[in-house]
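Asker: Structure of the sequence below:
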Amino acid sequence: MSAANDRVQTLLNSLTASGEEVGLQVAAYHHGDLAIDAWAGVADPASGRPMQGDTVMTSFSTTKGVVTTAIHQLAERGVLNYDLPVAAYWPEFGQNGKERATLRHVLCHQEGVPQMPDDVTPEQLGDWDGMCRRIAAQAPLWAPGTRTGYHAYTFGWILGEIVRRTDGRPIERYIAEEIIGPLGIEDWALGMSDAIEPRVATLVTAPMPPGMPAVPPDALLFRAMPLSVFPNAQVYNRRDVRRAVIPAGGGIMSARAIARHYAALAEGGSLGGVRLLSPERLALATTLQTEAPDLVLGEPVRKALGWRLGGPLSPMSGRRSAFGHPGAGGSIGFADPEQHLAVGITKNLLRNHLDPAEATAYRIACEVRAALGVPEGA
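Answerer: The predicted structure follows:
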């Protein structure tokens, strides 16, 4: 495509040739045009099937970015109000101390129900009504609005059920008809279909790096993401799990798809004549809501309404107005409106890093910026 693309391609080739990664994709839009479209490695180590530009991968919480866009569309249309109780839309949710919990609380992970239902199994992830019923019955771990803790899984079922109750369409259909379809995105699915199945990459779980601190077994992290359904290859290579609608963490997508969604947001909410959100709504939705220590993640996280905001050693860079969402294992999508930049990165080796500066997504994002001449900033 260009010298910039070649520069990024060289990095991807190096990462996969060295064995540091298995398969990678990166796409970036600059001023509304696809400027980077690169991939390397293999989609399936067992067969040697090569990674391609239209290969799709489970990208875990990167899915939250599109779900967030759906919520803001409905808010802009007057269907939803951030400060009304969830129970106004989903009456059964208003029990056991959650009666006053608002949509804003959900978007800011302040709802108080990050915990998954007890004894959840992979098979149950595909039972929409059952998961919603059990989440609605839970008592909050803190008074809604008083603290923040990453709702790794429950975020998706709560918001998805709000969409279904107010719009009438299941969240996967809403996204297909209101976001993915209008933008002409083909490599994105919430719930794997027969058509997309042959292009799905096999996930690989990397060993924990030496020196990684052990997480206590009673940590809140393991209530939000129980080991039985933890984001790993063993769970998410299962066909039934891939076919389940898991709106906080089960989206299957390519880097191209991730980047195109954020390209519209980076350009004021519109791309190619398709408007997702108005500039005014985007400004409201990306305003910092909290940067308090997160009780689940164990560190401060800059949160807007559903999206995370940029900060030091984030792939979004130090530009604090950038916004998006990462996913377990190292995927990410984000928009940097000040620089008219949108980036999607996804991969099939699920890896943790002790040093954020060594994380693959951070290194690739820095290379994309350098290749396109896009500065970092505050």
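Asker: Mind listing what's buried along the strand of greatest length in the chain?
Answerer: Longest strand in the chain, counting residues (DSSP state E): strand 33-44. Neighbour counts over strand 33-44 (16 or more other C-beta atoms under 10 Å) mark 34-44 as buried. Glycine gets a C-beta too; all of them are placed from N, C-alpha and C.
Asker: so what's the residue nearest the centre of the chain closest to, chain neighbours aside?
Answerer: The chain has Thr62 as the residue nearest its centroid, 1.6 Å off, counting by C-alpha atoms, centre = their mean. The spatial neighbour of Thr62 that comes closest, neighbours along the chain excluded (C-beta to C-beta, 6 or more residues apart in numbering), is Gly327 at 3.7 Å.
Asker: how close does that neighbour sit to Ala219?
Answerer: The gap separating Gly327 from Ala219 is 20 Å, by C-beta to C-beta, to the nearest Å.
Asker: Compare the two (neighbour count), which wins?
Answerer: Between Gly327 and Ala219, counted using other C-beta atoms under 10 Å, the more crowded position is Gly327 (27 against 13).
Asker: wait, what's in contact with that one?
Answerer: 59-63, 249, 346 (C-beta atoms under 8 Å, 6 or more residues apart in numbering).
Asker: ok, of these, which one's closest to Glu123?
Answerer: Gly249 (16.3 Å; C-beta to C-beta).
Asker: how far away is the residue nearest to Asp294 when sequence neighbours are not counted from Arg308?
Answerer: Closest residue in space to Asp294, ignoring its immediate chain neighbours: Val301 at 4.7 Å, by C-beta to C-beta, 6+ apart. From Val301 across to Arg308, the span is 6 Å (C-beta to C-beta).
Asker: right, and the residue nearest to the centre of the chain touches Gly330 too?
Answerer: No. The criterion here is C-beta atoms under 8 Å, and Thr62 misses it with Gly330 at 9.8 Å.
Asker: got the contact list for Ser47?
Answerer: Ser47 neighbours (C-beta under 8 Å, 6+ apart): none.
Asker: Surely Leu350 is in contact with Pro207?
Answerer: No. With contact defined as C-beta under 8 Å, Leu350 does not count as touching Pro207 (10.5 Å).
Asker: Between those two, which has more neighbouring residues?
Answerer: Leu350 (21 against 8).
Asker: what about Leu24, which SS state?
Answerer: strand (DSSP: H, G, I helix; E, B strand; the rest coil).
Asker: What's opposite it in the beta bridge?
Answerer: With DSSP bridges as the criterion, Leu24 is bridged to Ala40, Lys347.
Asker: rewinding a little: looking only at pLDDT, what's the mean for the longest strand of the chain?
Answerer: For strand 33-44, the mean pLDDT works out to 98.
Asker: So which elements touch it?
Answerer: In terms of contacts (3 or more C-beta pairs under 8 Å, 6 or more residues apart in numbering; DSSP states H and E), strand 33-44 is packed against helix 3-17, strand 23-30, strand 49-50, helix 255-266, helix 360-372.
Asker: quick revisit: out of the buried residues of strand 33-44, which is nearest to Val374?
Answerer: Using C-beta to C-beta, the buried residues of strand 33-44 come closest to Val374 at Ala35, 9.7 Å.
Asker: quick one: the nearest residue to Trp307 once chain neighbours are set aside from Thr62, how far?
Answerer: In space, and not counting its chain neighbours, Trp307 is closest to Phe323: 4.2 Å by C-beta to C-beta, 6+ apart. In this view, Phe323 and Thr62 are 13 Å apart by C-beta to C-beta.
Asker: quick one: Val200 and Gln52 touch, right?
Answerer: No. Val200 lies out of contact with Gln52 (C-beta under 8 Å); the separation is 11.8 Å.
Asker: Looking only at neighbour counts, state which of the two leads.
Answerer: Set side by side, Val200 and Gln52 show more neighbours around Val200, with 20 against 14, by other C-beta under 10 Å.
Asker: returning to that earlier point: out of the contacts of Gly327, give me the two with the largest separation.
Answerer: Longest span within the contacts of Gly327, C-beta to C-beta: Gly249 and Thr346, 13.3 Å.
Asker: More neighbours: which of these two?
Answerer: Per other C-beta under 10 Å, whichever of Gly249 and Thr346 has more neighbours is Thr346, with 34 against 23.
Asker: Could you pull up the residues touching that one?
Answerer: Counting by C-beta under 8 Å, 6+ apart, Thr346 has contacts 24-25, 57, 59, 62, 253-255, 258, 327, 331.
Asker: Show me where the stretch 201-350 of the chain has its helices.
Answerer: 221-224, 233-236, 239-243, 255-266, 279-285 (DSSP state H, counting those that start in this stretch).
Asker: The longest one versus strand 33-44: what angle between them?
Answerer: By that I understand helix 255-266. Interaxial angle, helix 255-266 versus strand 33-44 (axes from the mean of the first three to the mean of the last three C-alpha atoms, to 10 degrees): 150 degrees.
Asker: re earlier: list just the nearest of the buried residues of strand 33-44 to Gly78.
Answerer: Leu34 (33.6 Å).
Asker: distance of the nearest residue to that closest one once chain neighbours are set aside from Leu103?
Answerer: Distance criterion C-beta to C-beta, 6+ apart; nearest residue to Leu34, sequence neighbours excluded, is Ala27 at 6.7 Å. Separation of Ala27 from Leu103 (C-beta to C-beta) stands at 31 Å.
Asker: go on, His109?
Answerer: His109 is 12 Å from Leu103, by C-beta to C-beta.
Asker: per-residue confidence for the closest residue to Glu178 other than its chain neighbours?
Answerer: Nearest non-adjacent residue to Glu178, counting by C-beta to C-beta, 6+ apart: Gln73, 6.2 Å away. We note a pLDDT of 98 for Gln73 in this prediction.
Asker: measure Gln73 to Pro279 for me?
Answerer: Going from Gln73 to Pro279 by C-beta to C-beta gives 14 Å.
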